[in-house]
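Sequence and predicted model, in that order:
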Amino acid sequence: MTMEFHGRGWLTFDCYGTLVDWRTGMERALDSVAPGRAAELLAGYHRHEPLLEARSPAPAYRAVLSEGLASAAGELGLDLTPEQASVLADTLPTWPVFPEVPRVLRALKAAGWRLGILSNVDDDLIAETIPQLGADIDAVVTAQSVGSYKPALTHFATFRTRAQPGEGEWLHVACSWFHDVEPCREIGVPVVFVNREGDVRDTGQVVAMLPDLSALPDVVQNWSLENRE
């Protein structure tokens, strides 16, 4: 299925970490089942997550969240019940959206951009998050729908096939160098790096590096003009 192009082009986004404050959401959830241990559990979970996502066939993201948390808890000597181990998946739709996101997305829509999300998540979870973003989303590609997790290239290849953006008509926006910037560079998709964690990175490899999305409308306006001159 293709998506008709109109307006300026496509902006695709990673969701959790770029649009949604996953760290605050996850730490609150973890603190509810293991008070005072959220930081340790989160660090452990992030060690397990890429290993689980690399399995074939790819597990559902709910399973990744639960199994990753259970493994992290086990390493710390914590025995979580199945209900406690599912706390990340259960609370994900309530994780807070970064405060500037609705305003920025609405401004981008008003300027003629179409908006997409490429996310390592299940269909039902992203469906519950999207209404909080404050703007209509034109296309969604999930891990569930493509059967793999970024940094595998399937999200990007699937979007390209469906939307068929022309040269200068697709810019990706994301906060993860590993999951998004590296695969985008591999397949030639220009990318804006949203550096919410204050990482040290080579800005020459991206269109722009921003601390949040506030300046994104100006960045994409300049990028669009440069690509259409």
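Sure thing, it's come through.

From here on, just use CA atoms for contacts and neighbour counts.
OK.

can I assume Gly112 is in contact with Arg8?
Yes - look at Gly112 against Arg8 with CA atoms under 8 Å: they come within range, at 5.6 Å.

neighbour count winner among the two?
Legend: neighbour count by other CA atoms under 10 Å for Gly112 and Arg8, higher for Arg8 (20 against 13).

what pLDDT does that one get?
pLDDT for Arg8: 73.

what about Thr12, helix or strand, and which?
Applying DSSP states H and E as the criterion places Thr12 in strand 9-13.

average model confidence for the helix or strand following that strand?
Sequence order places helix 22-33 as the next helix or strand after strand 9-13, per DSSP H and E. For helix 22-33, mean pLDDT is 98.

Could you do stretch 78-94 as well?
96.

Stretch 114-127 now?
Stretch 114-127 carries an average pLDDT of 98.

can you check stretch 180-188 too?
For stretch 180-188, the mean confidence score works out to 96.

ok, now stretch 137-152?
98.

Contacts for it next, please.
53-54, 57-58, 60-61, 114-123, 130, 154-155, 158-159, 178-180, 182-183 (CA atoms under 8 Å, 6 or more residues apart in numbering).

if we can go back for a sec, could you list the paired strands of the strand holding Thr12 along with their orientation?
strand 113-119 (parallel), strand 170-174 (parallel) (DSSP bridges).

can you list those strands in JSON lines and add distance to Leu80 and mean neighbour count?
Output for those, formatted as JSON lines (distance: least, CA to CA, whole Å; neighbours: other CA atoms under 10 Å):
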{"stretch": "strand 113-119", "distance to Leu80": "27", "mean neighbour count": "23"}
{"stretch": "strand 170-174", "distance to Leu80": "32", "mean neighbour count": "23"}
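
Which among those is found nearest to Ser214?
strand 170-174 (12.6 Å; CA to CA).
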